[in-house]
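1. Quick one, what's the 3D model for this:
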Amino acid sequence: MLAVPSVAAETLPPGTVTLTVVDDGKTDGPEIPAIADAVGDAFNSANYLVLPATGPSRYRARVAIDHEQRGLVGAPSGTKAPAASVANWGGGVQLALPTQKQDLRALIVTRMTITLTAWRDGRTLWTGSAVTAQVGGTQANAPAVVGAKLAGALVSRMPAVLEGPLSVP
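-> All right, here's what the predicted structure looks like:
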C-alpha cells in the first residue's frame, strides 16, 4: 500500500517543511533544483512554508523520483524554420515544407513518491505516489514540468489515504 498515514487527517495542519529530493538514487544533479522548486511551489500553494533543508521544521518531506523507459513512441519530428543567407557569391533561401514525419522517441514513465515525516521523532505521517508518462526529449518531459504536475497532484490530496499511485496525464 502506497499511502498509509499513521495519524488522522486533522493532525496534519500546515506548517514548516524541509525538502529532500532523490532523483534515481542521486541527491545532486542538474534536474534536482528544478524538481525541488516545483515541489516547493506545490507545498507553498497548500499553505506550507518551505524552509532550507539544513534547518529544523515541523515536517520533513522526502521526494523520490524514479524514471523508467517503456518502449518507443512516434512523435512529430522537428521542422526547420525558414532561413535566408547572403554571401559573396550570391544568396540563398531555405523554406521548410510541412511534413508528417514521425521520430521514434522513448516513452518515459516518471514516478514521484512523497513521504512526509515529523521532524521531532521521524514518524511517517503520510506517503503518496503519482505516475505520469511523457515522450522523452520534449518540453512535456522537462523536470520542472513533470515535477510540478506530479507534486501538485500529490500535495493537493494530502493527507487523504490513496489506494494506489495517482495517474497524472
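
2. Quick one: end-to-end length of stretch 19-27, please.
-> End-to-end distance of stretch 19-27 (Cα to Cα, to the nearest Å): 11 Å.

3. What is the neighbour count of Gln49?
-> Check again: residue 49 is Leu, not Gln. 13 (other Cβ atoms under 10 Å). Bear in mind the C-beta positions are built from the backbone N, C-alpha and C, glycine included.

4. so which helix or strand takes in the closest residue to Arg60 other than its chain neighbours?
-> Nearest residue to Arg60, sequence neighbours excluded (Cβ to Cβ, 6 or more residues apart in numbering): Thr117, at 4.9 Å. Using DSSP states H and E, Thr117 sits within strand 102-118.

5. residue contacts, Thr54?
-> Thr18 (Cβ atoms under 8 Å, 6 or more residues apart in numbering).

6. about what we covered before: can you pull the contacts of the residue nearest to Arg60?
-> Applying Cβ under 8 Å, 6+ apart to Thr117 gives the contacts 59-62, 123-125.

7. circling back to that earlier point, how far does the strand holding Thr117 sit from the chain's center?
-> 7 Å (Cα atoms, centre = their mean, to the nearest Å).

8. List the buried residues of it.
-> Within strand 102-118, the residues that count as buried by 16 or more other Cβ atoms under 10 Å are 105-108, 110-117.

9. Parallel or antiparallel, list what pairs with that strand.
-> Strand 102-118 pairs in its sheet with strand 59-76 (antiparallel), strand 124-135 (antiparallel), by DSSP bridges.
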